[in-house]
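3D model of this:
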Amino acid sequence: MDTHLSPDAESRLQRSAFIWLVDGSNWPDDTLLPWLACLTAAEQQRYRCFIRPMRQRQFLIGRILLRFAAARLTNLAIDDISVIERKNNAPLPVLRQNNPVAAKVLPFLSLSHSREWVACGVSADTPLGLDVEMLDTSRDVAALAAAAFTACENQWLSVQGSTADAGKVAAFYALWTAKEALYKLASNGERQAEGEILVKDGIQLTSGPNWTLQSPLHTQLAICLCTRHLVSPLDVIALTGDSPFSWALHADNLEEDQKRWNEDGVSAP
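Below is the predicted model:
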């Protein structure tokens, strides 16, 4: 019997994703650095190659968050998850050797960071690429766009407001993160998405033949998640605390709140 779904049927499957956010400025060095011991030898070597302390913190928090996101979605312990370094490619989460749940399929993941913020997108259902950027109104977005955007993209940006206008800054970061997220999706094996057009006939596109993107709102960040298939729901969760244990407690509390709201027939705030 042929169990493959038709393209139309596959497109109607409900898929979900999470974006986990961590503000690293809330994590003191004295409680962060001991987590370095949880990384593989290859990860520790790469960590030591970074010169700037900020970049070391982003890397370390990102690798801890990646393990947390994978473990959370698969009901595993963080210690069950290891990571393989891949040159010029995203890190690959794997199960540790001799793991009794070796048949467990690990989810699709994508990491991003901007200054103090670190983010991880995760889905059990579809490949994805994630990008986040701090909304920085002091940057010369016109000059950056001229260097990085196509002629059509620059034409679209030119009608989004004046150079100093907050709307134009937001538009710039929306397109910038979309391009980065789409590139990451292509880098994660979805080469069909490579080189896709993001602006056509003066309109920023939100989907193409092999991809779709969503840009959830955040007060400090521009966020874009690009996926092979449309995901709904897309949950964006800003974790609090300075360890995966406190993150898990926070996430558990949110789940309990959601259950109570669902039982009462009330939408979550």
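
C-alpha only now, for contacts and for neighbours.
OK.

residues in contact with stretch 226-236?
Residues outside stretch 226-236 that contact it (CA atoms under 8 Å, 6 or more residues apart in numbering) are 11, 14-21, 126-130, 178, 181-182, 185, 190, 210-214, 216.

just those residues: which are in helices?
Cross-referencing these against helices under DSSP state H gives 11, 178, 181-182, 185.

if we can go back for a sec, buried subset of the contacts of stretch 226-236?
Among those, those buried by neighbour count (16 or more other CA atoms under 10 Å) are 15-21, 126-130, 178, 181-182, 185, 190, 211-214.

so where do the strands sit in this structure?
17-23, 81-84, 92-95, 108-114, 117-123, 128-134, 199-200, 203-204, 207-208, 211-214, 221-227, 234-239 (DSSP state E).

any chance of those strands in TSV, plus mean pLDDT?
Below are the strands of the chain laid out as TSV (pLDDT from 0 to 100):
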stretch	mean pLDDT
strand 17-23	96
strand 81-84	89
strand 92-95	86
strand 108-114	96
strand 117-123	97
strand 128-134	96
strand 199-200	87
strand 203-204	86
strand 207-208	87
strand 211-214	92
strand 221-227	96
strand 234-239	94
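
could I get those strands as TSV with distance to Val169?
Formatted as TSV, those follow (distance: least, CA to CA, whole Å):
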stretch	distance to Val169
strand 17-23	22
strand 81-84	36
strand 92-95	33
strand 108-114	16
strand 117-123	19
strand 128-134	11
strand 199-200	17
strand 203-204	15
strand 207-208	22
strand 211-214	18
strand 221-227	10
strand 234-239	22
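
point out where the stretch 151-269 of the chain drops to low pLDDT.
Counting by pLDDT under 70, the ranges of the stretch 151-269 of the chain that qualify are 163-164, 189-195, 261-269.

could you rerun that using 50?
By pLDDT under 50, the stretch 151-269 of the chain has no low-scoring segment.

of the ones in helices among the contacts of stretch 226-236, just say which sits nearest to Ala145.
Closest approach to Ala145 among these (CA to CA): Ala178, at 13.3 Å.

surely that closest one is in contact with Asp131?
Yes - using CA atoms under 8 Å, Ala178 is in contact with Asp131, at 7.4 Å.

identify the contacts common to the two.
By CA under 8 Å, 6+ apart, the residues touching both Ala178 and Asp131 are 224-225.

beta partners for Arg23?
Actually, residue 23 is Asp rather than Arg. Beta-bridge partners for Asp23, by DSSP bridges, are Trp117.

isn't it right next to Arg115, touching?
No - counting by CA under 8 Å, Asp23 does not reach Arg115; the two are 9.1 Å apart.

quick one: which of these two has more around it?
Set Asp23 next to Arg115 and count neighbours by other CA atoms under 10 Å: Asp23 wins out with 19 against 15.

now do the same contact list for the more buried one.
Neighbour list for Asp23: 116-118, 238-240 [criterion: CA under 8 Å, 6+ apart].

most surrounded residue in these?
Most crowded among the contacts of Asp23, counting by other CA under 10 Å, is Val118 at 26 neighbours.

list the contacts for it?
21-24, 58, 61-62, 111-112 are the contacts of Val118 under CA under 8 Å, 6+ apart.

ok, of those, which come out buried?
Among those, those classed as buried by 16+ other CA under 10 Å are 21-24, 58, 61-62, 111-112.

and which of those is nearest Arg96?
Gly62 (18.7 Å).

okay, the closest residue in space to that closest one that isn't next to it in sequence and Pro209: tell me how far apart.
Counting by CA to CA, 6 or more residues apart in numbering, Gly62 lies nearest to Val118, which is 6.1 Å off, once chain neighbours are set aside. According to CA to CA, to the nearest Å, Val118 stands 30 Å off from Pro209.
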